[in-house]
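Colleague: I would like to see how this sequence folds:
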Amino acid sequence: MKTIEKLVERGNQFLRQGRHERALEQYTQALKLAPRHPGILNNYAAALEKLNRLDEAHAAYELVQAQIPPHPGLLNNRGLLLMKLH
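Modeller: Sure, this is the predicted structure:
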């Protein structure tokens, strides 16, 4: 398995386990290797949201949305976050 895939998989495992800070660390490392990868950015934003770092999560979701056509999961995540912000 490639390094990026390993980092993302570990991040996903940590996110499922509720270990959000560890998940964020894995996604951050993956983003260093693929800085504008929409899937990694989406997971990174989700980890930030779980850590209640809502402004940072919002910025990450906006980066993802600017790069890819609207995706229902992304729109749902971003919409739920906007409800928390307001």
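
Colleague: shaky segments in the chain?
Modeller: 1, 70-71 (pLDDT under 70).

Colleague: and the helices in it, which stretches?
Modeller: With DSSP state H, the ranges of helices along the chain come out as 3-16, 20-33, 38-50, 54-67, 72-85.

Colleague: and the fourth one, what's buried?
Modeller: Okay, so that is helix 54-67. By neighbour count with 16 or more other CB atoms under 10 Å, helix 54-67 contains the buried residues 57-58, 60-61, 63-65. Placement of C-beta: from N, CA and C, glycine included.

Colleague: repeat for the third one
Modeller: By neighbour count on 16+ other CB under 10 Å, the buried set for helix 38-50 is 38, 40-50.

Colleague: pull the residues that contact that helix.
Modeller: Here helix 38-50 makes contact (CB atoms under 8 Å, 6 or more residues apart in numbering) with 4, 8, 11-12, 15, 18, 20, 23-24, 27-28, 30-31, 34, 54, 56-58, 60-61, 63-64, 67-68, 73-74, 77, 81, 84.

Colleague: that helix vs helix 54-67, what angle?
Modeller: 160 degrees (axes from the mean of the first three to the mean of the last three CA atoms, to 10 degrees).

Colleague: and the angle for helix 38-50 with helix 20-33?
Modeller: Angle of helix 38-50 versus helix 20-33, following the same axes, to 10 degrees, is 150 degrees.
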